[in-house]
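Undergrad: Requesting a structural model of the entry that follows:
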Amino acid sequence: EATAVALLPLALAGIVLLPGWVFLGMVWVFTVLAGRELLTMMRRLRHPVPVVATLVVLGAALPALWWTGIGHSGAILAAVVLLIPAAYLLGGFPLQGATAGIASATFTAAYLFVTGGAMGLLRAAFPGSLGVKVVLLHCLMIWGGDSGAYYLGTWIGRHRLAPQVSPKKSWEGVAGGTVLTFAMGLACRAVFFTELRLPAVLA
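TA: Numbering: from 1, shown residues only. Okay, here's the model as predicted:
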């Protein structure tokens, strides 16, 4: 909690003040690191995932998406899905466990391509300061929703949402997260994103 409070101003300053290419570089680094962490978890489960090949494919796919735009995202994603099994089969990995290894690696690359790629497109696909505003809106609404869910759920959470999946999640937390998400969206519109229409904020 204290770490998040300390890093929040730095994250906001980075989004607003850094050039677009630096922001994309940061997204690239964090996405690839997330991929390495997920692949490491898969290896602990004894899935023979091709770590280096998967990270190379993911690392190349992200800038390709940002450079060419969302119109080419389907073709790039298809290349990702095809390249991972090819890298596995050509890399001399064991046939035993190949299905689990290929599936784990392909999921990692595809999932992070979509999520990390979308985060970069929020900045890259919009001209000028509009991209900064879109990224800020996106981040602040998520942070607001997470904070509302955490604090209200901690304070008054009594009715469990899905105890077998996540014992601490509550319906009160869902309500708090939902309310604060909408409130943060409206606040962003009032403070720095006045050109954004109200139906878009609510959506």
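Undergrad: Can you mark which positions in the least confident helix or strand in the chain by mean pLDDT are buried?
TA: Lowest by mean pLDDT, DSSP states H and E among the helices and strands of the chain is helix 2-17, with a mean of 74. Buried positions in helix 2-17, judged by neighbour count with 16 or more other Cβ atoms under 10 Å: I15. All C-beta spots, glycine's among them, are computed from the backbone N, C-alpha and C.
Undergrad: Packing partners of that helix?
TA: In terms of contacts (3 or more Cβ pairs under 8 Å, 6 or more residues apart in numbering; DSSP states H and E), helix 2-17 is packed against helix 20-44, helix 129-156.
Undergrad: what helices or strands is the first one leaning on?
TA: Just to be clear, that refers to helix 20-44. Using 3+ Cβ pairs under 8 Å, 6+ apart, helix 20-44 is in contact with helix 2-17, helix 51-68, helix 98-124.
Undergrad: Just the residues contacting the shortest one, thanks.
TA: If I follow you right, that is helix 2-17. Here helix 2-17 makes contact (Cβ atoms under 8 Å, 6 or more residues apart in numbering) with 22-23, 26, 132, 135-136, 139, 143.
Undergrad: can we see that at 6 Å?
TA: The contact list for helix 2-17, computed with Cβ atoms under 6 Å, 6 or more residues apart in numbering, reads 132, 135-136.
Undergrad: I'd like the helices and strands packed on helix 2-17 laid out as a markdown table, including mean neighbour count.
TA: Shown next, in a markdown table, are these (neighbours: other Cβ atoms under 10 Å):
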| stretch | mean neighbour count |
| --- | --- |
| helix 20-44 | 16 |
| helix 129-156 | 18 |
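Undergrad: right, and those - which one's nearest M119?
TA: Proximity to M119 (Cβ to Cβ) singles out helix 20-44 among those, at 5.2 Å.
Undergrad: ok, how many other residues are close to G71?
TA: Residues near G71, counting by other Cβ atoms under 10 Å, number 7.
Undergrad: And it, how close does it get to H138?
TA: Counting by Cβ to Cβ, to the nearest Å, the gap between G71 and H138 amounts to 21 Å.
Undergrad: Can you tell me the strand partners of the longest strand seen in the chain and which way each runs?
TA: In the chain, assigned by DSSP state E, the strand with the most residues is strand 166-170. Applying DSSP bridges to the sheet, strand 166-170 is found paired with strand 160-162 (antiparallel).
Undergrad: ok, back up a step: which one of the helices and strands packed on helix 20-44 has the poorest average confidence?
TA: In terms of mean pLDDT, the lowest-scoring of the helices and strands packed on helix 20-44 is helix 2-17 (a mean of 74).
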